[in-house]
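**Q** need the 3D shape of this:
(2 chains)
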Amino acid sequence: MVLNSLDKMIQLQKNTANIRNICVLAHVDHGKTTLADCLISSNGIISSRLAGKLRYMDSREDEQVRGITMKSSAISLHYAKGEEEYLINLIDSPGHVDFSSEVSTAVRICDGCIIVVDAVEGVCPQTQAVLRQAWLENIRPVLVINKIDRLIVELKFTPQEAYSHLKNILEQINALTGALFTSKVLEERAERETESQVNPNSEQGEQVYDWSTGLEDTDDSHLYFSPDQGNVVFTSAIDGWGFGIEHFAEIYSQKIGIKKEVLLKTLWGDYYINTKAKKIMKVDQAKGKKPLFVQLILENIWSLYDAVLKKDKEKIDKIVTSLGLKIGAREARHSDPKVQINAICSQWLPISQAVLAMVCQKLPSPLDITAERVEKLMCAGSQTFDSLPPETQALKAAFMKCGSEDTAPVIIFVSKMFAVDAKALPQNKQRPLTQEEIAERHERARRRHAEKLAAAQGQAPLEPTQDGSALETSPQGEELKGDEQEVESETPKPVPQEGTDREAFIAFARVFSGVARRGKKIFVLGPKYSPLEFLQRVPLGFSAPLDDLPPVPHMACCTLENLYLLMGRELEDLEKVPPGNVLGIGGLQDFVLKSATLSTLPSCPPFIPLNFEATPIVRVAVEPKHPSEMPQLVRGMKLLNQADPCVQILIQETGEHVLVTAGEVHLQRCLDDLKERFAKIQISVSEPIIPFRETITKPPTVDMVNEEIGKQQKVAVIHQTKEDQNRIPEGIQVYSGGLITMTTPNKLATLSVRAMPLPEEVTQILEENSDVIRSMEQLISSLNEGKNTQMIHQKTQEKIWEFKGKLEQHLTGRKWRNTVDQIWSFGPRKCGPNILVNKSKDFQNSVWTGPDGKASKEASRYRDLGNSIVSGFQLATLSGPMCEEPLMGVCFVLEEWDLSKFEDQTASDKQNQEQSDLVKEGQGEGETCSGRDEHQDLQGGCSEPSEKKASQKGESSLTDCYGPFSGQLIATMKEACRYALQVKPQRLMAAMYTCDIMATSDVLGRVYAVLSKREGRVLQEEMKEGTDMFIIKAVLPVAESFGFADEIRKRTSGLASPQLIFSHWEIIPSDPFWVPTTEEEYLHFGEKADSENQARKYMNAVRKRKGLYVEEKIVEHAEKQRTLSKNK
Amino acid sequence: MSIFTPTNQIRLTNVAVVRMKRAGKRFEIACYKNKVVGWRSGVEKDLDEVLQTHSVFVNVSKGQVAKKEDLISAFGTDDQTEICKQILTKGEVQVSDKERHTQLEQMFRDIATIVADKCVNPETKRPYTVILIERAMKDIHYSVKPNKSTKQQALEVIKQLKEKMKIERAHMRLRFILPVNEGKKLKEKLKPLIKVIESEDYGQQLDIVCLIDPGCFREIDELVKKETKGKGSLEVLSLKDVEEGDEKLE
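**A** Below you'll find the model as predicted:
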């Protein structure tokens, strides 16, 4: 029995004053969806018997299976109260913490909300969160205390106990509201203070400064929930009843003859009735008097439950007749008491009446939108309302007016996009056929039948006519079937056309002002759009057609294609939507990513971004099961990104597709969506790859047990690993201080390289200035090409000198003297945080020559060979010896290079060549050609040898059995760098997250436990003013962060929520190659000492992943192997 | 001599025999399984974890210990432990199942890492992950050959993977600087080898920036060298043309 036709709804939509946009918010499992069910059943959309069991708003399969709501969805309801008819746009929201982003989307487009609290569980973490969200969005809440029946049936409270329990819950909630209020007032005061500090001059103005806290004189009584204010309702959604005080006040004012107003004030609170005097007195707890609430209300309900549960037929009948109800025979005979209770109560105290009446009375209509909220919505970020352009400020009036005239500007906010199966769209839906269509089909079928008959006759003219008649009857049936099939095949026709995207995206939106009409042109303003920019770009009074506006960033123009009325699982087509309504808009998927503001006026500012309680932090890498399905996955992820307000998708440099979700449940939902809706492929999920860096440090002065190194007696070690760890092959000399000297295989050149750790600040500078370095590199290469040097920007030049100055500032001391001037290159990729310094005598090609503008083109002796050395350095920094990860913060010093032998040889070659007169100017040409290559092909790597061959014929004689000479140089340099690293104490660097955790004081200890278990370090901890929340700042290695968010939530029962942001690289202090060597270390760590070593653990994990050799025993204990052979 | 029956034979379980022939005699030692390779690579340092017993045998399964004279004549010493060490490092060994398994797995990973390093998805210019490559290699049933270098095998794998999925070797970016008169002629010859020409500039010299498949670098290089007689030059601008940095999908 659908009571309200679409027309009725459209009628109601026009009366803005009687619209209520509300959402249901609560902790998970406090009964939001059940309550919504009850309200829906009052409209006859679902049967009242099914209310609470069907969970109509949970349209997804996994929602039904898991029993939790995962998305917010809207439904429009009709409610009549006396004369007035109301349209209620109800939005059901999820309660699980992972989906709090959905709550944000719901809250934004509502004016009021129903906070549901479980009468048994009381205030839970999510209750706090949703209250805060409602508060931040400036929407008015009302309270529903649900599941009162549990107090009776499960906890077996007496009415008196139940009363005090309810009072308790109410107090808790009010305390929360109070805390929110105080923190806001304090914040405002702080803001005012800073403001006054910033511009003390303004104080002379008219403003009078109020130095009191503001707490005392700000009225907050209207904020609190209290039954006598009428903003609290007690319900049991599962049994279908609910009441406000008002309801009973009315009944009893007639019965006992006390004024309704008095009763309203006294029904809740410690008042009791003196029946003799017919007076209401203040109660004294000690006397054991029952408060009115208990006596008049709770006891009645209790006795009803009692009667039904005990199956006391007589009593039930008595109650039923006294209440004047009629119970159907079926319910009365039903053996399950629940059914009876439901039947009785839902008639006696219908929940929808109680809740909807409160909603209509207490919550504002779209017309009553507060100025404060409008300003807040319009001012993104730190902007103040006054700073907006005047055109924009003028819009405020439109907001407040919420006008439905055609002149009123249309402002719509899209809070999220949701995907619907294209089949579910009204235009694609199978609708009942009209008479004409049926007739037409019939005609067609008949014609076809006739044709077939003719054909059959043609084919079998010899058949007796009897068969013909048989034919005539039998195909009739077939034809009918065929017809039906046709109906089916024809209706979904629009679907296959869309083919690739079977999912249609619908924007979940609300009209704030003006009338949204189908076919209207409208601007789509992205979250980063600035009306100021538009006004600057487009001259005032610009009146060209909307299509040829100059392009403004974050703005697009589109047409409203389809408007829908959201009816839970259904959608209804609409022509236009008057202001103040919630609606669905189709056809926006190409314009709107997740949220947007739509407006006919470009001066409209985008609404402030939704504030999400939970930021996405659970990271996983997603891959298709079959590698060939990559494109599907990418497309699916794009769709998912659009359909989910909270998910983030990253494509990393390693090629990984990383999915970042708010929590495990959210992740599961995203994966299900990917698998079944968006990508439709099998996927596999894994931990994302964790990057590391390699570096070296100064040799430690103390060992692992804090004893000074060198003084301890070395134990006769079973493992001499320390020494042969770096197994340095013959032919390489290691001098003191870690100077490595290496000769190329053909013994013509010798290089001496030393590695030194860079000071931390220098590394940081290098990291920050990578773009400066890059531009320097470009400069040099363009110079070498012989292009004009005047192209250098003054600015970049300045930046470069500033950068150099900074380096000089930090590289002081004897060790670093002149280092900065001798920097030859940076690496890896020419701009990384490692330095190559050339300290040989005749070096003049430092990186600074380029910006100096005096890049000399004169052929230096070793120019071309220098390239090879730099290439070697680049390769060495790209993958270190520990686990082939890039280096960081290492300085390689090329102390000496001896190329004299090579020189001799080339010289002799030259002579030979000149004598033979093969190529006359070959040498000279070659010199200049390769000279030009300087610094450009640092990365030329191994390919360079042959290039050199091309340019320098003279070298051809050198390409002996060891390959081209420059190739040898590269390899030698690379190896030398690696060995230079290995003789120094090597360390791994781990990527670190900074982690902000908000936690209440009682779970602080558990937060610390989780942090320390995962090698995290707490940096600071402070209390948020006005609340009992602590803000903890900590650092945590990225490698330990997998599952961190989930663990912390589990351990703190959701009271702490972390946020992770990548911050920096940090050296892991332990030596990955460390083994105990002294007596004390043995005592302390034991022989193997592999339990503690975090660095080794990481290193081996990376090596294993990359297929590098890992020093690990295949079998730990020889004797503990399975000793039976298989064939016995 | 007893009859060889199932009941009286002693099965050697958990024993790996290492043999060595010296001075015309065969010597064997009894070791634990899966430990010999570890000893040779230096991971295992405890000799007792490798050797079942320190005595040197002529035949382990029969339990015949080598004679002292033989040892002295073959090794010049009768220190059994010393001889055991010698045999361990130099003798021939049967690689056991787990050892072989780990070796193959390691090579498999290594190949996958090389492939992932060298190749990109031609659509996105992003590399594939190692895990994905590994899975793809399993899909095409690639079996690792233990006596071929991993690099060689990686190139083979790339060829085979190309038929199954969208994969391509990351292009190399090159710049040619050619003398004008020879340049045009040369360009025609180079064309089949070049994948994409990014820019062309006819100034005093012909300046071409292009992408090539790294496989034909040598060919191109030789061509340029031969045709221009050393006047033209080519530079490698980047070894791998891949997208850098993380990208947020929007």
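**Q** what does the helix ranked longest in chain B contact?
**A** Longest helix of chain B, by residue count under DSSP state H: helix B:97-118. With CB atoms under 8 Å, 6 or more residues apart in numbering or on different chains as the test, helix B:97-118 has contacts from A:655, A:1104-1109, A:1114-1115, B:33-34, B:36-37, B:95, B:127-130, B:132-134, B:137, B:144, B:146, B:150-151, B:153-154, B:157-158, B:161, B:169-170, B:214, B:240. Quick note: C-beta positions are derived from backbone N, CA and C, even for glycine.
**Q** chain center to that helix, what's the gap?
**A** Chain-centre distance of helix B:97-118: 8 Å, with CA atoms, centre = their mean, to the nearest Å.
**Q** just stretch A:603-619 next, same as before
**A** Distance, centroid of stretch A:603-619 to centroid of chain: 10 Å (CA atoms, centre = their mean).
**Q** average pLDDT for it?
**A** The average pLDDT within stretch A:603-619 is 78.
**Q** so for residue 216, what pLDDT did the model give?
**A** Picked chain A for this. If you check A:Glu216, the pLDDT there is 56.
**Q** was after chain B, sorry
**A** As summarised for this prediction, B:Cys216 has a pLDDT of 79.
**Q** hmm, who's touching whichever strand or helix holds A:Glu1066?
**A** Assessed by DSSP states H and E, A:Glu1066 sits inside strand A:1057-1067. Contact with strand A:1057-1067 is made by A:97, A:613-615, A:617, A:693, A:695, A:697, A:888, A:987-998, A:1035-1038, A:1041, A:1044-1045, A:1048-1049, as judged by CB under 8 Å, 6+ apart.
**Q** mark which of the contacts of helix B:97-118 are buried, thanks.
**A** With burial judged by 16 or more other CB atoms under 10 Å in any protein chain shown, the buried subset of those is A:655, A:1104-1108, A:1114-1115, B:33-34, B:36-37, B:127-130, B:132-134, B:137, B:144, B:150, B:153-154, B:157-158, B:161, B:169-170, B:240.
**Q** just the ones of these in strands?
**A** Residues from the buried ones among the contacts of helix B:97-118 lying in strands, with DSSP state E as the criterion: B:Arg169.
**Q** picking that back up, distance from the strand holding A:Glu1066 to the middle of the chain?
**A** On CA atoms, centre = their mean, the centre of strand A:1057-1067 falls 16 Å from that of its chain.
**Q** show the contacting residues for the most centrally placed residue in chain B.
**A** The residue lying closest to the centre of chain B (CA atoms, centre = their mean) is B:Thr150, at 2.7 Å. Going by CB under 8 Å, 6+ apart, B:Thr150 touches B:107, B:110-111, B:114.
**Q** elements contacting whichever strand or helix holds A:Ala179?
**A** Element membership for A:Ala179, per DSSP H and E: helix A:159-198. With contacts defined as 3 or more CB pairs under 8 Å, 6 or more residues apart in numbering or on different chains; DSSP states H and E, helix A:159-198 has these neighbours: strand A:112-118, helix A:125-136, strand A:140-146, helix A:148-153.
**Q** now the ones you listed in JSON lines, with mean neighbour count?
**A** Output for those, formatted as JSON lines (neighbours: other CB atoms under 10 Å in any protein chain shown):
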{"stretch": "strand A:112-118", "mean neighbour count": "25"}
{"stretch": "helix A:125-136", "mean neighbour count": "22"}
{"stretch": "strand A:140-146", "mean neighbour count": "24"}
{"stretch": "helix A:148-153", "mean neighbour count": "22"}
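**Q** those: which one's closest to A:Glu761?
**A** Closest of the helices and strands packed on helix A:159-198 to A:Glu761 is helix A:125-136, at 40.4 Å (criterion: CB to CB).
**Q** how close does A:Met70 get to chain B?
**A** Using CB to the nearest CB, to the nearest Å, we find A:Met70 at a distance of 22 Å from chain B.
**Q** skip the chain neighbours and tell me the closest residue to A:Ala129.
**A** Residue nearest to A:Ala129 in three dimensions, not counting chain neighbours: A:Glu613, with 5.2 Å by CB to CB, 6 or more residues apart in numbering or on different chains.
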